[in-house]
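>>> Here is my input, please return the structure:
(2 chains)
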Amino acid sequence: MPEDQVEVVVGKAVYRGRKGSTVAELGISPPDEAVAFSLNGHTYDFQQGIRENGRLSWLTFQEEAGRLVFRHSGAHLLAQAVKRLWPEAQLGTGPATEEGFYYDIRLPKPLGESDLQAIEAEMQRIAAEDLPIERVELGRTEALQLFAQRQEPFKVDIIQRIPEGVPISAYRQGEFIDLCAGPHVPRTGRLKAVKLTGVSGAYWRGDEANPMLTRIYGTAYPDAEGLTQYLYRVEEAKRRDHRRLGPALGLYLFREEAPGFTFWLPKGQRLYRTLEEFSRRLQEPRGYQEVATPWIYRVGLWQQSGHWDHYRENMFVIEREDEKLGVKPMNCPGHCLLYQSAVRSYRDLPLRLAEYGPLSRFERSGTLHGLMRVRGLHQDDAHLFVREDQIAEEMRGVLELVDLVYRTFGMPYEVVLSTRPDDYLGSLEIWERAEGALQAVLEAQDKPYQIHPKDGAFYGPKLDFYAVDALGRRWQCATAQLDFQLPLQFDLTYIDRDGQPKRPVMIHRAIFGSIERFLGILVEHYGGDFPLWLAPVQVRVVPITDAQGAYAEAVAGDLRRAGLRVEVDARNQKLAYKVREAEVDKIPVLLVVGRRDVEQGTVSVRIRPDGDIGARPWPAYLAELAERARMPVG
RNA sequence: GCUGGCGUAGCUCAAUCGGUAGAGCAGCUGAUUUGUAAUCAGCAGGUUACGGGUUCGAGUCCCAUCGCCAGCUCCA
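Down below sits the predicted model:
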């Protein structure tokens, strides 16, 4: 094939043409729903010239890459609308995000709700105009001139940072032109359903020293139905918000007297303890030993561990008697001291130390967020001190625990391996062996995983686990990090088979992560409808009249003796009233007892979400309930 | 911490232009003894986040503080 020719394969057809031809020029007509195409792993739009051979696959809104193209065009639509309304607005950047897009813009005035509506209306107008979106290739000087003349200082800044040799392009739709690498959908009319979702501030290039721009958020869908579903999901997330739901269910509350800390109400504390108990009952049989270590140390310890250099900003520091003391944000240094307290043999390893104690982290006031980001927390933390040859086996054990836990909560999860960053510490050889070990474990388990190159901590590679909740949101919870540094810092050793001292490797791992945060995630995942074994109140017994009071107490007593958490609602109220309240309180099992039940020795069962399932003989039904309420620890 | 917004009874919300702080739910008291999502009546509940200021008069306007929300930033 001549050098100036390209050849692409689409399905079973082969197309040839001059290098740099667009799809149309090659005689390929894209399907209606396609917004772009993928060739050798790169995304292109229909106006970009094809310069390499390969197999072409169409990208639609169904594919992540297609969605990004689509949403990025949404951002341009937004920018064009803003420029029509405020010609003096200066554009920053406007990328697509997971759920939509945003554009950072310097505006002459702060935006209100009505401004958003006006912009949105203008966007819809531009979409209806169905303007063609044209790609324009520019020379560097030409680009600088164009955007300087259009009074877009941020665009000029961007162009100046584009390395020599990289082509500069812009996209034009109607009177609007924006510096952009692309790709884009072919016409504005493709953006059938757009919605602006919020405004906030954001620094230019994310730097506090730079001017603050207005960030306008929005989302776009190819049809109204997708947008409606998205808005429903947003609504549902709001309905499940743990900051509202938790206090409403009497689980916990927050007070401004203690920002970043949680007040656990009796029911919330029960939930919390149940989770902790679940963790203990999984870990004890797996060789974990629970310890408790001090929560305040002299700074010397933090200097030794390296936290003073790397984490001081996030620590609460106390000064007393001319001495500085640091409240612990992590357990690792304490566990290292425990490790040091005895001579360790290679036979003692792996040593698995678990701790659930209180940790304090100074999080900046603006970052606090319900249970998700707090200053006072607890982790289901453990440090595994292992020989290097035990890394793979121990990581396998951690993986098994993670799998067990997330399966129990009905959350699929994704695994990410983060590898050696540029500023790593330790020997290259150990790093490579450790990364190899992690990869081998994942592959041996046939677990799909992603690699984030250079995203590891400077002290070791790590596995992060992202749990996916009922609304499809991803939460980073579990983590397992190899650490070669701390054993060095604390000069930890074990006596090996050959009588020589050797350096152990540490694995920092948590399965829930922060228990506070995990509980918040569970509240939202279940929308407050906890599975029976977790529910703070599992059963509520409801006598219909005073006459069944004693019978109700007897039933409740049976339940309590069987280890269930139970309440009796003996208030003088109509049954419907008490049923409603139990539903609002999201009590999983309601046992109604009336005259007929007393006479026949039954309970009338109402279960969420099924409702009334009729009478069951008592105490025979107790066994079934107790079985269903058992903690799922195998 | 930074930018913007918000803060009225336990909760959800109202209060015209700056002119007597109000309702529902929850709570308490009483009546009602009820078979699967709200029985009726009465009572009580407030330094309008906090501290200043403007004004004859401030929930409302201004300033500062605290907290919360959306982001940014940070995240050994």
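>>> residue ranges for the helices of the stretch 301-450 of chain A, please.
Across the stretch 301-450 of chain A, reading from the start of the chain, the helices by DSSP state H, counting those that start in this stretch fall at A:307-310, A:332-340, A:391-408, A:428-444.
>>> nearest to A:Leu590, of the ones you listed?
Using Cβ to Cβ as the criterion, the shortest distance between A:Leu590 and the helices of the stretch 301-450 of chain A is 24.7 Å, found for helix A:391-408. Every residue, glycine included, has its C-beta placed from N, CA and C.
>>> May I see the buried residues of the closest one?
Of the residues in helix A:391-408, those scored as buried under the neighbour-count criterion (16 or more other Cβ atoms under 10 Å) are A:391-392, A:394-399, A:401-403, A:405-406, A:408.
>>> Kindly reformat these as TSV containing distance to A:Arg298 and pLDDT.
Converted to TSV, these look like this (distance: Cβ to Cβ, whole Å; pLDDT from 0 to 100):
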residue	distance to A:Arg298	pLDDT
A:Ile391	32	91
A:Ala392	37	89
A:Glu394	31	94
A:Met395	34	93
A:Arg396	38	93
A:Gly397	34	95
A:Val398	32	95
A:Leu399	37	94
A:Leu401	34	95
A:Val402	35	95
A:Asp403	40	94
A:Val405	36	96
A:Tyr406	39	95
A:Thr408	41	96
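>>> between those residues, which is nearest A:Arg420?
Proximity to A:Arg420 was ranked across these by Cβ to Cβ; first place goes to A:Ile391, at 15.2 Å.
>>> Which residues does the residue nearest to the spatial centre of chain A form beta bridges with?
Among the residues of chain A, A:Trp475 comes closest to the average C-alpha position under Cα atoms, centre = their mean, at 2.3 Å. When bridges are called by DSSP bridges, A:Trp475 pairs up with A:Ala467.
>>> do A:Thr214 as well
Residues in a beta bridge with A:Thr214, per DSSP bridges, are A:Ile105, A:Gly201.
>>> and it, what does it touch?
Residues touching A:Thr214, when contacts are defined by Cβ atoms under 8 Å, 6 or more residues apart in numbering, comprise A:104-107, A:110-111, A:199-202.
>>> Name only those of these that count as buried.
In those, the ones that pass as buried (16+ other Cβ under 10 Å) are A:104-107, A:111, A:199, A:202.
>>> A:Val199 sits in which helix or strand?
Element membership for A:Val199, per DSSP states H and E: strand A:193-203.
>>> and for that strand, what are the contacting residues?
A:74, A:77-78, A:100, A:104, A:111, A:116, A:119-120, A:123-124, A:127, A:209-224, A:226-227, A:230-231, A:234.
>>> Make sure A:Ser169 is actually in contact with A:Gly182.
Yes. Using Cβ atoms under 8 Å as the test, A:Ser169 is close enough to A:Gly182 to be in contact (6.1 Å).
>>> what sits in contact with each of these two?
Counting by Cβ under 8 Å, 6+ apart, the residues touching both A:Ser169 and A:Gly182 are A:Arg135.
>>> which parts of the longest helix along chain A are buried?
When chain A is scanned for its longest helix (criterion: DSSP state H), the result is helix A:64-85. Going by neighbour count (16+ other Cβ under 10 Å), the buried part of helix A:64-85 is A:65-84.
>>> What of stretch A:123-137?
Going by 16+ other Cβ under 10 Å, stretch A:123-137 has these buried residues: A:123-124, A:126-127, A:131, A:133, A:135-136.
>>> Stretch A:320-337 too?
Of the residues in stretch A:320-337, those buried under the neighbour-count criterion (16+ other Cβ under 10 Å) are A:325-337.
>>> and the buried residues of stretch A:123-137 as TSV, adding pLDDT and distance to A:Val542?
Formatted as TSV, the entries for these read as follows, by pLDDT from 0 to 100; distance: Cβ to Cβ, whole Å:
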residue	pLDDT	distance to A:Val542
A:Met123	87	54
A:Gln124	88	53
A:Ile126	87	59
A:Ala127	86	55
A:Leu131	86	64
A:Ile133	85	63
A:Arg135	84	68
A:Val136	83	72
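>>> ok, those residues vs RNA strand B, which is closest?
For RNA strand B, the nearest member of those is A:Met123. The distance, counting by Cβ to the nearest atom of the strand, is 19.1 Å.
>>> Now do the contacts for the closest one.
A:77-78, A:80-81, A:191, A:194, A:196, A:218.
>>> Next: A:Leu377.
Residues in contact with A:Leu377 (Cβ under 8 Å, 6+ apart) are A:358-361, A:514-517.
>>> got the residues of the stretch 301-450 of chain A near RNA strand B?
Near RNA strand B, the residues belonging to the stretch 301-450 of chain A are A:305-307, A:310-311, A:313-314, A:332, A:363-370, A:425 when assessed by Cβ under 7 Å from any atom of the strand.
>>> ok, back up a step: can I get the longest helix of chain A as CSV, trimmed to CA atoms?
Output in CSV follows, covering the C-alpha atoms of helix A:64-85 (Å, rounded to 0.1, in the frame of the first residue of the first chain):
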residue,chain,number,x,y,z
GLU,A,64,-18.1,5.6,28.2
ALA,A,65,-15.8,7.2,25.5
GLY,A,66,-18.9,8.2,23.5
ARG,A,67,-20.6,9.7,26.5
LEU,A,68,-17.5,11.8,27.1
VAL,A,69,-17.6,13.2,23.6
PHE,A,70,-21.3,13.8,23.9
ARG,A,71,-21.0,15.6,27.2
HIS,A,72,-18.0,17.6,26.1
SER,A,73,-20.1,19.0,23.3
GLY,A,74,-22.6,19.8,26.1
ALA,A,75,-20.0,21.9,27.7
HIS,A,76,-19.5,23.8,24.5
LEU,A,77,-23.2,24.3,24.2
LEU,A,78,-23.1,25.8,27.7
ALA,A,79,-20.2,28.1,26.9
GLN,A,80,-21.9,29.3,23.7
ALA,A,81,-25.1,30.1,25.6
VAL,A,82,-23.2,32.0,28.3
LYS,A,83,-21.3,34.0,25.7
ARG,A,84,-24.6,34.9,24.0
LEU,A,85,-25.9,36.2,27.3
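>>> How is chain A divided into domains?
Chain A is divided into the following domains under automatic domain parsing: A:5-60, A:65-237, A:245-526, A:539-628.
>>> Looking at those, which is nearest to A:Gly634?
Here domain A:245-526 is closest among the domains of chain A (Cβ to Cβ), at 7.9 Å.
>>> Any of the residues of the stretch 301-450 of chain A next to RNA strand B buried? List them.
Applying the neighbour count, that is 16+ other Cβ under 10 Å, the buried entries in these are A:305-307, A:311, A:332, A:363, A:370.
>>> Out of those residues, which is nearest to A:Ile430?
For these, the closest approach to A:Ile430 (Cβ to Cβ) belongs to A:Gly306, at 17.6 Å.
>>> rewinding a little: of all the contacts of A:Met123, which two lie farthest apart?
Looking across these, with Cβ to Cβ as the criterion, the two at the greatest separation are A:Gln80 and A:Leu196, at 13.5 Å.
>>> related to what we said a few turns ago, okay if I get the helices of the stretch 301-450 of chain A as a markdown table plus distance to A:Pro453?
Written out in a markdown table, the entries for those read as follows (distance: least, Cβ to Cβ, whole Å):
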| stretch | distance to A:Pro453 |
| --- | --- |
| helix A:307-310 | 22 |
| helix A:332-340 | 25 |
| helix A:391-408 | 19 |
| helix A:428-444 | 10 |
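>>> Out of the ones you listed, flag the one nearest A:Gly557.
Smallest distance to A:Gly557 across the helices of the stretch 301-450 of chain A (Cβ to Cβ): 29.8 Å, for helix A:391-408.
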